[in-house]
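1. Turn this into a structure:
(4 chains)
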There are 2 protein chains.
Amino acid sequence: MARKTKEDAELTRQRIITAAREVFAKRGVSHTTMEHIASHAQVTRGAVYWHFANKIELFHAMRDQAMLPFIERINAAVLDEQSEDPLLMIEQLFCNTIQTLNEDASTRQTYEIMMAKCEYVDEFNNVLQELLINCRIFIEKTQLLYEKAKQKGQINPNIDPAVLAMDTHLFFSGVLHMWVKDNTNLGYREQTIDLIKQHIKLRRKSQTE
Amino acid sequence: MARKTKEDAELTRQRIITAAREVFAKRGVSHTTMEHIASHAQVTRGAVYWHFANKIELFHAMRDQAMLPFIERINAAVLDEQSEDPLLMIEQLFCNTIQTLNEDASTRQTYEIMMAKCEYVDEFNNVLQELLINCRIFIEKTQLLYEKAKQKGQINPNIDPAVLAMDTHLFFSGVLHMWVKDNTNLGYREQTIDLIKQHIKLRRKSQTE
DNA sequence: TTTTACATACAATCATGTTTGTATATAATA
DNA sequence: TATTATATACAAACATGATTGTATGTAAAA
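-> Residues are numbered from 1 along each chain as shown, chains lettered A, B, ... in the order given. Prediction:
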């Protein structure tokens, strides 16, 4: 065995990340060893340790690949100034997320790992705190959209957009947890899109008249 | 060291469960060894293995102590026939749960472990499925309360109680996750009770008129 | 020629499950 | 009631992997 070209090295790096994700999803982060990851990526531990100092670095690499696109989507949704229907924007943001989870196995796995197959202690505690910060940002963006909706008369003017944003965020947090954890039993995933639409519908002013 | 009386044995058994919870909360379930638990309970691994075959049995014992009282509370709330205000029943059920978390450190720890310090793979996957079943039951009970509320004219008659129940459950699921995970940063826990009340308020018919 | 991108080998620790030992509580019996 | 037998509630020792991090080797890319 010999030295690879830079492009090849990048490929093996990516193979290792993919392997890590797949093994994490199967055995959980804690019970996954570097050897598991290496053999699943068809390399030796030497290769893994060459690219990543330890398991956490690998975890971060995996997380970023799934999370960064999601964050960009949120920003895009908020910045869409010419939208006539902010409530629909929120709805579509959620629906798109669920659709991504449905279509993209790697994103699905990463969410599964982060929500049910990872223990947030010691170094991983930081990951949780970073997630909470993202939640804050997400809530603020949602609030902006609700304020737009209020200006456009889409919602009851007596209700504080901040409250709506919080309520919606907690709802969607619950949705994601349900969706991800219901991987064997049937039922939840099929109705998720409908639940999101109903949630938004509950806010629309026309609904209450 | 010698044989203890039955009462003493039961005490050490309980001490081991408590120790397990505390170590789980500190190090996460996976990184907790039987030796950690034993020494923290001031016994040897021999004692731990005498009372529990392995870590999962210990985990189950810990979980049951926190979960069974909660399930009983739900049933009590639904069965309260003479209540004039079903919406208030839902609100109080949630508020009481949060209050318990605030007051009882052991319940708090158990929730923390189950939501952020445990990997649901292999044998632990069953735990997750059992949790989902409890969710189903909880949703059904909530729906019953919303149907009562509908009969009493507390909510908009055009809205399906099943939808409301689902939406509320997902909201509260999000609330619990937020509450439990926000253990360092301030902010979320203080406003939780208010968020719950706002959530219920959004449903009240008087609110939409 | 010097890095790079790995593979291989090594050392040390850690955790688990089991086994064995033992003092005593608790019946059973006389 | 006193004695005996047995099951109980552990402690201590053992044997056996499993993982980790590092150190070293190496062939080809740069």
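2. alpha carbons only for contacts and neighbour counts from here, please
-> Noted.
3. which parts of chain A sit against DNA strand D?
-> Contacts of chain A with DNA strand D, taken as CA under 7 Å from any atom of the strand, map to A:1-7, A:31-35, A:45-46, A:49, A:54.
4. State the pair within these that is farthest apart.
-> A:Thr5 and A:His31 (32.6 Å; CA to CA).
5. Quick check: can you list the domain ranges of chain A?
-> Recorded structural domains for chain A (assignment: automatic domain parsing) are A:1-52, A:55-208.
6. TSV for these, including mean pLDDT and mean neighbour count?
-> Below are the domains of chain A laid out as TSV (pLDDT from 0 to 100; neighbours: other CA atoms under 10 Å in any protein chain shown):
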stretch	mean pLDDT	mean neighbour count
domain A:1-52	93	17
domain A:55-208	92	17
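7. Following the chain onward from the helix ranked longest in chain A, which element is next?
-> Longest helix of chain A, by residue count under DSSP state H: helix A:124-151. Next along the chain after helix A:124-151, taking DSSP states H and E as the criterion, comes helix A:161-181.
8. Surely A:Leu145 touches A:Leu87?
-> Yes: with contact defined as CA atoms under 8 Å, A:Leu145 counts as touching A:Leu87 (7.2 Å).
9. now the domains of chain A in CSV, with distance to B:Arg63?
-> Listed next are these as CSV, based on distance: least, CA to CA, whole Å:
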stretch, distance to B:Arg63
domain A:1-52, 20
domain A:55-208, 16
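10. which one of those domains lies closest to B:Gly187?
-> Closest to B:Gly187 of these is domain A:55-208 (CA to CA; 10.4 Å).
11. Can I get stretch A:105-123 as PDB, trimmed to CA atoms?
-> Extracted in PDB, the C-alpha atoms of stretch A:105-123 (Å, rounded to 0.1, in the frame of the first residue of the first chain):
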ATOM      1  CA  ALA A 105     -30.600   8.800   4.000                       C
ATOM      2  CA  SER A 106     -27.400  10.400   5.200                       C
ATOM      3  CA  THR A 107     -29.300  13.400   6.700                       C
ATOM      4  CA  ARG A 108     -31.700  11.100   8.200                       C
ATOM      5  CA  GLN A 109     -29.000   9.100   9.800                       C
ATOM      6  CA  THR A 110     -27.300  12.100  11.200                       C
ATOM      7  CA  TYR A 111     -30.500  13.400  12.800                       C
ATOM      8  CA  GLU A 112     -31.100   9.900  14.200                       C
ATOM      9  CA  ILE A 113     -27.600   9.800  15.700                       C
ATOM     10  CA  MET A 114     -27.900  13.300  17.200                       C
ATOM     11  CA  MET A 115     -31.300  12.800  18.700                       C
ATOM     12  CA  ALA A 116     -31.200   9.200  19.900                       C
ATOM     13  CA  LYS A 117     -27.800   7.700  19.600                       C
ATOM     14  CA  CYS A 118     -25.400  10.100  21.200                       C
ATOM     15  CA  GLU A 119     -24.700  10.900  24.900                       C
ATOM     16  CA  TYR A 120     -24.200  14.600  25.500                       C
ATOM     17  CA  VAL A 121     -21.600  14.400  28.300                       C
ATOM     18  CA  ASP A 122     -18.100  15.800  28.600                       C
ATOM     19  CA  GLU A 123     -16.900  17.000  25.200                       C
END
